[in-house]
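J.: Quick one, fold the following:
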Amino acid sequence: MNPTALITGASSGIGKELAAIHAERGGNLVIVARSGDKLNELKNDLEKQHSVEVTPIVKDLTKPGAAREVYDEVTAAGIEIDYLINNAGFGGQGKFHERDWSEDLAMIQLNVIATTALTRFFLPDLVKRNRGKILNVSSTASLLPGPLQAVYFATKAYVTSFSNALAGELHDTDITVTALMPGATETDFASTSGMEKTDLFSKMATARSVAEDGYEAMLAGKLDVITGVSAGQRLSLAAIPFSPKKMLLTHIRKMQEVKPS
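T.: Predicted coordinates:
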């Protein structure tokens, strides 16, 4: 029997591509996002093209309690989740003390709380069956502090640390937890976060290539996968532990400054 995957943030970007990849391999889906129109369009396309079952759940995961509602709806429908893919997330550019606090609070709710809650609700079911996979979409931002995206970088550091810790706890099971850490990617992230006019997003990987790397890493049970970065960027990431922190912070800040129009 083909596995069923639950994917959050499935209406666009990496999440949409992950859904397509899973459906191409014959897997059924539960897709979660705020946009009912986009979810239903994706459902119709994937069911028509790949003869799979797709269950859309319209839910705003920035709202407290939404993760529990997703779990309850899936359970009530009698659907067993084999792959939990926590992809939903967003960022925002600007100095922390000047940004809208409600936006940063929603970011923490989505990137941290929703990811943690969904994992907490679905993981006991995976443990009972002693099978399953979790893919948490983090970022290369999780590897360093990020001036002008302080909260976003911090939330992704949490996601990577949380994922790795769970993998360690589950070492004696057949359940794996993978952290996907892409670099700048062609999604709605740049425009919604205000990062489209920065050096950081001057060159971007495709959402499809990032999704493929993440999906394959999940199947292989890898701890981490870094993707969507150049060879030079990989060297820079490897040098982070050895770089003077003040110099590193200055470099990152300049990369994230919005260029004048």
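J.: Keeping just the C-alphas, turn the longest strand along the chain into PDB.
T.: Secondary structure of the chain per DSSP state E: the longest strand is strand 175-182. Below are the C-alpha coordinates for strand 175-182, written out as PDB (Å, rounded to 0.1, in the frame of the first residue of the first chain):
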ATOM      1  CA  ILE A 175      10.700   6.300  12.200                       C
ATOM      2  CA  THR A 176      13.100   8.900  10.700                       C
ATOM      3  CA  VAL A 177      13.100  12.700  11.100                       C
ATOM      4  CA  THR A 178      14.800  14.800   8.400                       C
ATOM      5  CA  ALA A 179      15.500  18.600   8.400                       C
ATOM      6  CA  LEU A 180      15.400  20.100   4.900                       C
ATOM      7  CA  MET A 181      17.600  23.200   4.800                       C
ATOM      8  CA  PRO A 182      17.300  25.100   1.500                       C
END
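J.: Pull up the pairing partners for that strand, direction included.
T.: strand 132-137 (parallel), strand 224-227 (parallel) (DSSP bridges).
J.: what's the shortest one in contact with?
T.: Taking Cβ atoms under 8 Å, 6 or more residues apart in numbering as the criterion, the residues outside strand 224-227 that touch it are 140, 160, 164, 178-183, 205, 209-210, 213-214, 217, 234, 237. In short, each C-beta sits where N, CA and C put it, glycine included.
J.: one step back: so which of the strands paired with strand 175-182 has the densest surroundings on average?
T.: The highest mean neighbour count among the strands paired with strand 175-182, using mean count of other Cβ atoms under 10 Å, belongs to strand 132-137: a mean of 26.
J.: ok, of the strands paired with strand 175-182, where does mean pLDDT dip lowest?
T.: With a mean of 94, strand 224-227 has the lowest mean pLDDT of these.
J.: For this structure, which element, helix or strand, carries the lowest mean pLDDT?
T.: helix 189-193 (a mean of 53; mean pLDDT, DSSP states H and E).
J.: Show the backbone phi and psi for residue 30.
T.: phi -120, psi 120 (degrees, to the nearest 10).
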